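**Student:** need a structure here:
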Amino acid sequence: MTDPFQSFSAMLRYALANRVDRNAPTYIDMVADDVVMEFPYALPDMVKRVDGKEALRAYLRNVGDMITIDALDNVAVLRTEDPDVTIVEFEGVGTVKASGKPYEQRYISVIRTRQGKIVHYKDYWNPVALMTTAEANPAKENGASNG
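**Tutor:** Model (predicted):
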């Protein structure tokens with residue numbers, strides 16, 4: 001268990017340690033231009049994959065319009081036999097903007113790095129946690145795909 005992190009990028013700097021640039025101020029600054037982010041548990045009408053840094057920036061902007069994350073806690077970092085792959089388990093708490101209801105989520109992320117950048121991020125999260133508190137889904141545009 002760790003002290004709560006106030007930002008996603010701070011949590012990633014902790015979890016990935018020397019695998020990413022520790023001076024990168026944001027998650028977007030930590031990713032490669034050709035990054036791929038996948039959501040294996042996405043529902044049929046939700047984004048399943050985002051290709052490229054600019055598409056990821058747009059996707060995250062849309063997610064940020066829906067929810068505010070106040071803290072990330074209970075971070076567990078699991079190293080793998082592959083030195084470029086890290087598994088991170090953590091909790092996020094915040095607010096769904098449209099409803100004002102609390103948002104609570106448990107995440108498991110499989111992150112691949114190369115040359116100090118995140119090149120692949122597989123995000124195992126429960127979409128039902130969001131759906132029960134809001135009607136909106138993350139945008140399906142700007143390089144994101146659902147199939």
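
**Student:** residue closest to the middle of the chain?
**Tutor:** When C-alpha atoms, centre = their mean is applied to the chain, the residue found nearest the centroid is D123 (6.1 Å).

**Student:** which strands and helices lie in contact with whichever strand or helix holds that residue?
**Tutor:** Assigned by DSSP states H and E, D123 belongs to strand 117-124. Applying 3 or more C-beta pairs under 8 Å, 6 or more residues apart in numbering; DSSP states H and E, one finds that strand 117-124 makes contact with helix 27-30, strand 31-38, strand 102-114. For glycine as for every other residue, the C-beta is placed from the backbone atoms N, C-alpha and C.

**Student:** for these, give me a markdown table that also has mean pLDDT.
**Tutor:** Below are the helices and strands packed on strand 117-124 laid out as a markdown table (pLDDT from 0 to 100):
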| stretch | mean pLDDT |
| --- | --- |
| helix 27-30 | 96 |
| strand 31-38 | 98 |
| strand 102-114 | 95 |
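
**Student:** with respect to R61, which of these lies nearest?
**Tutor:** helix 27-30 (10.0 Å; C-beta to C-beta).

**Student:** sorry, back to before: I'd guessed the residue nearest to the centre of the chain sits against R106; true?
**Tutor:** No: look at D123 against R106 with C-beta atoms under 8 Å: they stay out of range, at 11.7 Å.

**Student:** now do the contacts for the residue lying closest to K101 once chain neighbours are set aside.
**Tutor:** The shortest distance from K101 to any non-neighbouring residue, by C-beta to C-beta, 6 or more residues apart in numbering, is to T133 (4.1 Å). Contacts for T133 were tallied using C-beta atoms under 8 Å, 6 or more residues apart in numbering; they are V96, S99, K101, P102, Y103.

**Student:** need the contact list for the fourth one.
**Tutor:** P102 sits next to V93, G94, T95, V96, T133 when contact means C-beta under 8 Å, 6+ apart.
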